[in-house]
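Novice: A predicted structure for the sequence below; I have some questions about it.
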Amino acid sequence: MSDSVRILMCAPHHYDVDYVINPWMEGNIHRSSRENAQAQWNKLYQVLKTYATIDLVEPQPGWPDMVFTANAGLVLGDTVVLSRFFHPERQGEEPYFQQWFEEQGYTVHKLPKSLPFEGAGDALLDRAGRWLWAGYGFRSELDSHPYLAKWLDVEVLSLRLVDRRFYHLDTCFCPLTDGYLLYYPPAFDTYSNRLIELRVPAEKRIPLDEVDAVNFSCNAVNIDSLRNGKAERVIVMNKASDGLKQILGERGFTVVETPLTEFLKAGGAAKCLTLRMTEPRQESPQASRIQSRVIHLEGHLLDSGLVNQVLDTIVAGGGSFQVLNFNLGEQRLDTSVAEVKVSAPDATVMADIMGQLIDLGAISVSEKVSEASLEEVTQPGVAPDDFYVTTIYPTEVLVEGQWVKVQGQRMDGAIAVTRNLEGSVALCKLLRDLQVGEAVVIGSEGIRTKRSATTLKKSTTEEFSFMGAGVSSERRVELVVEQIAWDLRRIRDQGGKVVVSAGPVVIHTGGSEHLNRLIREGYVHALLGGNAIAVHDIEQSLMGTSLGVDMKRGLSVQGGHRHHLKAINTIRRCGSIANAVEQGVLCSGVMYECVKHNVPFSLAGSIRDDGPLPDTKMDLIEAQAEYARLIEGADLILMLSSMLHSIGVGNMTPAGVKMVCVDINPAVVTKLSDRGSIESIGVVTDVGLFLSLLVQQLNKLTGEYAQV
Ligand code: ARG
């Protein structure tokens, strides 16, 4: 109660806005009045004095922000963790605060040099002392939190700040008596909001709107006092809206407003101007939940932008990093090596981040090299909860001290490990194929993927470099087509394999004659699609229409809607597409060319009940297996206007296979370019136009060859 609360303040004799280290200071340099500041500070001092004992630290010339004593350090009992300021502008305050604490007999802990932590500005005790909320993201480093847990013997809950305006935890978060919490949720990332919601029940949370938040209503001093024998819960702050006062009033709090506008110009208010020296604490403390790992990266880290990607991934995932070492290599072609320490507020966040880092090619080298963790499948076709989801990149797992290469690499699978006499075998399996008793890799330990090598090899060859952006605009289509034609030509001449997946739009847009040519001239080695492309193609061959529209005149034909069914019926009568070709019923079109030139095709399913063609596989699992078989060994996959088949095929294909995705819908193209710009080229255009340009280009190449 009142006599037990002690607060440290520092008079604003030298206060001013001298520099900009937070957004509130922008435009306010030397715009604050020392006189007004002194008056506002005095008023705050008087108000607080009625509820608490105030200690004062001597202000120092040249250190204008020293008034904000919340940033002196964090005090718990007779221990203090001294601040290490992020900005040099404030680092000079450290020795003065240190001296003051030492003179008062506190045990002073100092963090390692380059590890910023800004005291009670970024660390707020639960008012019952159950745990410490600690902020990071702008001024304090996540890695400082384990020190707090250790030195103060308290459980630390780390919260990530994401709005520059609320750069210190105490600008947007204020724990109150009785487990209440005043806070501004948008200042935190999703994970932190979830953590807050887990610890503070809904009826205790008092979320602020932006108007109160920017008035620094969270930057409040909450004191329980006993005045004239009456218990009072006071909250001292710069300003509160009527609505907020009412909400707080209903919960038994009295708001005492005292204007601090001069200090707002430096980005601080009531709470920043105070440091609570008497904090409650509860026994049975727990350790910090923060986790750290060290990852190892190797490859052309700078050229490929991989380092940036890795560091961004860590930060975006809610973690923080420290680059332990970075060896650049000496020559242009040398690879570089980096070791990065990754920290995350708890195990779940760490697992998420590590999963992504492994996909980027990082290897976890935490203290000891850990084996991959395995867990048994207990239900057929269902993996253990935490199973590692595979990517398209070559992967290895560490089993019994050996890195074992995963066979049958594909995306969206699980890794099953079996042991035989020669050692362990790791197999990439689809969920549905998992069997009871099979051991599946879980978590992220003991897994590594390789991607940098292929990425580099291709990016140094000139031909695709100008398509780096992945998705091309209309203007670039012709250039892209030129490159693809060149590639098709090369693959064909070297006996390689090109797979085409296509949707019915190819036929509607008049692309059929061009695709026919590609097949005839040996550029296509397998065709994948659904029931529809075949039906449309056959309808066009038999009746000159596609879904009843005359392909030459672009007009609906009388009774044309029946053409579709007639086409299906004709083929059904023949028994198969191949039979129809053989019997002379089907004499042109894409399917005809496939049969004639022994190009295998797979037609995967139909949701329409008007067919299907006898060749269409209605068992989708069987169809997927056939797709996978036809994709095997492909050098290039040309995906023509079918979202479903393009994405399906993309997922089945391991890294290293070039993909060209053509669709009028940029979303489809972008989806595929997730694989990285080197491996997937997106062309947003009409597929008929694309095919016609491609054939023209191939003709040109042939012409050039002929002249040589
Ligand atoms: N100008 C000071 C700074 O940017 C303001 C500090 C406010 N203190 C606080 N605990 N939020 O560091």
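Specialist: Structure's in. What do you need? Since we're looking at a predicted model, the values are computed, not measured. Residues are numbered from 1 along each chain as shown.
Novice: isn't Leu427 right next to Lys405, touching?
Specialist: No. Contact between Leu427 and Lys405 fails when scored by CB atoms under 8 Å: they sit 10.4 Å apart. In short, each C-beta sits where N, CA and C put it, glycine included.
Novice: okay, these two: which has more neighbours?
Specialist: Set Leu427 next to Lys405 and count neighbours by other CB atoms under 10 Å: Leu427 wins out with 17 against 12.
Novice: list the contacts of the more buried one.
Specialist: Val406, Gln407, Gly408, Ile415, Ala416, Val417, Thr418 (CB atoms under 8 Å, 6 or more residues apart in numbering).
Novice: wait, the third one touches Ala426, no?
Specialist: No. Taking CB under 8 Å as the contact criterion, Gly408 and Ala426 are not neighbours in contact, 9.5 Å apart.
Novice: neighbour count: the two, which is higher?
Specialist: With neighbours defined as other CB under 10 Å, Gly408 and Ala426 compare such that Ala426 has more, 24 against 14.
Novice: need the contacts of Leu427 in a markdown table (columns: pLDDT and distance to Gly229).
Specialist: Below are these laid out as a markdown table (pLDDT from 0 to 100; distance: CB to CB, whole Å):
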| residue | pLDDT | distance to Gly229 |
| --- | --- | --- |
| Val406 | 94 | 73 |
| Gln407 | 92 | 79 |
| Gly408 | 87 | 78 |
| Ile415 | 96 | 69 |
| Ala416 | 96 | 72 |
| Val417 | 95 | 71 |
| Thr418 | 93 | 76 |
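Novice: in the stretch 351-500 of the chain, where is pLDDT below threshold?
Specialist: For the stretch 351-500 of the chain, the stretches flagged by pLDDT under 70 are 366-369, 451-475.
Novice: helix, strand, or coil at Asp224?
Specialist: Assigned by DSSP: H, G, I helix; E, B strand; the rest coil, the conformation of Asp224 is strand.
Novice: let's number from 33 now, not from 1
Specialist: In the new count, where the first residue is 33, that last one comes out as Asp256.
Novice: how about it: which residues does it bridge to?
Specialist: Arg265 (DSSP bridges).
Novice: pLDDT at it, what is it?
Specialist: pLDDT, Asp256: 89.
Novice: give the contact list for it.
Specialist: Contacts of Asp256 by CB under 8 Å, 6+ apart are Met33, Thr209, Ala263, Glu264, Arg265, Val266.
Novice: so what's the residue count around the closest residue to Ser36 other than its chain neighbours?
Specialist: With CB to CB, 6 or more residues apart in numbering as the criterion, Ser36 has its nearest non-adjacent residue at 5.9 Å, and that residue is Thr310. Per other CB under 10 Å, the neighbour tally for Thr310 reads 13.
Novice: again, but for Arg364
Specialist: Using other CB under 10 Å, Arg364 has 8 other residues around it.
Novice: still on that earlier bit, who wins for neighbours among the contacts of Asp256?
Specialist: Neighbour counts for the contacts of Asp256 (other CB under 10 Å) peak at Val266, which has 22 neighbours.
Novice: so who does it touch?
Specialist: Tyr83, Asn254, Ile255, Asp256, Ser257, Phe285, Thr286, Val288.
Novice: so what's the residue nearest to Ser36 scoring on pLDDT?
Specialist: Thr310 carries a pLDDT value of 90.
Novice: how about the secondary structure of it?
Specialist: Classification of Thr310 using three-state DSSP returns coil.
Novice: these two touch, right, it and Leu40?
Specialist: No. With contact defined as CB under 8 Å, Thr310 does not reach Leu40; the gap is 10.4 Å.
Novice: from start to finish, how long is stretch 428-437 in a straight line?
Specialist: Length of stretch 428-437, first residue to last, CA to CA, to the nearest Å: 4 Å.
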